[in-house]
Every structure is written in C-alpha cells, then in structure tokens.
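Visitor: Just the structure for this:
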Amino acid sequence: MKPSMSSHQCGKASLLDLLVMLAAVAAVALVGYAYMHRPARRMSSGIGCVNNLKQVGLAFRLWAGDNNDKMPMQVPTNLGGSMEFVASGNVFPHFAVMSNELGTPKIIACPKDVAHTYGTNFGNLSDTNISYFIVPETDQTSSEMWVSGDRNLATTGLPLKPGLFWLPTNRVTSWTSQVHSNQGNICLVDGSVYQYSSAKLQQSATNALRAYHDATTNVTFRLLIP
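Guide: Numbering: from 1, shown residues only. Here you go, the predicted structure:
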C-alpha cells in the first residue's frame, strides 16, 4: 500500500497549485490589457478609412450647399473659403474652414496611416494630421470627378510628394505600399467612396480627367497632397 500524503504535503501542493493558477490568470489579464490598449490605428481596418472619407465627402457637400455650390478651395478667404491657400500647397487650411461640417479633426486622418497623427483641434492643424488629398478645382457637374482620396498616390511608379501636383492625362496613376498597401480609396464629388486597386484607380483617374476637361477650359487638373 502506498503511503498517504501528509496534511503538510497537501497544504504545500494546494498552495503551489493556487500560485500557478494566479500566475496564469495574471498572464491572461496582461495579454488582454495589452490587446485592448494597443494603438487604435493598428486595430482599425480599411473600413475606418472608408467611413472617414464618406464624412469628408459629406462635409464638402454641406459646405458647398451653403456657399453657392462651391467648395472651400473655390471661395475667397474674405468670404469664408480657402482659395488663396491653394498656391501654398498646404492641405490643412481647406479642411480647417470646414470645421463645423467635419466636427473633429480625427476624421481627416486615416486609421491605418501610421506616418500621420490625429489632430487635437482645428486651430493647430497641419498636413501631418491629414491622410487625404483634395482636388482644388473639382467640378460638380459630373459624378465621376474626384474631390478627395488617400494620399498614397504614385504616377509612373513614383510616390507623389506633399504639395500641389498637376495630374496630366498621359501619366499612369497607381497606389504606393504606404497606408493601404497598393490599394486605396477615392471620394467622388457626389460623396460616394470607392475602394480601388491600382488598375481600377487608373480607370477612375481617366474618367475624372475626361469629365474635368469636358467641364472646364484652360485649367489644369491638380491635386493637393498632404
């Protein structure tokens, strides 16, 4: 017959089991805490960016509705717009004048754009708080016109640098690996947002350029890249 375990040994084993269980619970709690408190940008998917751009498109439309169907970039600053800031190449002034329509500067930063940070308020906004380009001379006569989109654009394989960029008809437009890894989102002037691969982006750019040149004369199609 095997000898029975003494009460002292039982107590020792029970204490050891309890310590092991507490250590396991603490480890699980620590992992859970780290997961729940990791940066929101890392947790967010491309859906967050689509939702942001839809709100950006709505803000542009609401602002235009109160300003004779013109976007901020087409209205002088003395009338509440941001027209004079286009030449500077900065993007933030055009979003800043729509602070009431946007509500929060977090909307204009893509959750997956780790190179740009959320702005705390519109008063100290900068282009590093913005993930979306805008088209300063956009026209509302065609639903195929662009108004905004993800900043990770490239032409002929070269990423677009921050500032004012003229988009000619003979350039191949694509996405870079930044932000959405060779894909991205475009907001059309009617407020609709589409997720595009580089191939579909090229077709959308061709359509937007054609619509733009049909609606305007002697004005180049330009992008403001943050």
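Visitor: For this structure, just list every one of the helices.
Guide: Applying DSSP state H to the chain gives helices spanning 7-36, 40-43, 46-65, 92-96, 99-102, 198-215.
Visitor: Of the ones you listed, which shows the lowest average pLDDT?
Guide: For the helices of the chain, mean pLDDT drops lowest on helix 40-43, to a mean of 41.
Visitor: if I look at the residue lying closest to Lys112 once chain neighbours are set aside, how far off is Val91?
Guide: Sequence neighbours aside, Val179 is the residue nearest to Lys112 in space, at 5.8 Å (criterion: C-beta to C-beta, 6 or more residues apart in numbering). In short, each C-beta sits where N, CA and C put it, glycine included. Val179 sits at a distance of 15 Å from Val91 (criterion: C-beta to C-beta, to the nearest Å).
Visitor: Can you list phi and psi of the residue nearest to Lys112 for me?
Guide: Val179 adopts backbone torsions of phi 60, psi -70, taken as degrees, to the nearest 10.
Visitor: Counting neighbours, what do you get for it?
Guide: Per other C-beta atoms under 10 Å, the neighbour tally for Val179 reads 24.
Visitor: got the contact list for it?
Guide: 49, 110, 112-113, 115, 131, 150-152 (C-beta atoms under 8 Å, 6 or more residues apart in numbering).
Visitor: what about 10 Å?
Guide: Applying C-beta atoms under 10 Å, 6 or more residues apart in numbering to Val179 gives the contacts 46, 49, 110-116, 131, 150-153, 185.
Visitor: and which of the residues you listed is nearest Gly163?
Guide: Nearest to Gly163, judged by C-beta to C-beta, of the contacts of Val179 is Arg151 at 11.4 Å.
Visitor: What is the neighbour count of Phe92?
Guide: For Phe92, the count of nearby residues is 23 (other C-beta under 10 Å).
Visitor: how far away is it from Leu58?
Guide: Per C-beta to C-beta, Phe92 is found 19 Å from Leu58.
Visitor: quick revisit: neighbour-wise, give me the winner out of the contacts of Val179.
Guide: Highest count within the contacts of Val179 by other C-beta under 10 Å belongs to Ser131, 30 neighbours.
Visitor: got a pLDDT number for that one?
Guide: Here, the pLDDT recorded for Ser131 equals 96.
Visitor: list the contacts for the residue nearest to it when sequence neighbours are not counted?
Guide: Excluding its sequence neighbours, the residue lying closest to Ser131 (C-beta to C-beta, 6+ apart) is Cys110, at 3.7 Å. Neighbouring residues of Cys110 by C-beta under 10 Å, 6+ apart: 41, 44, 46, 48-50, 52-53, 116, 130-132, 150-152, 179-180, 184-185.
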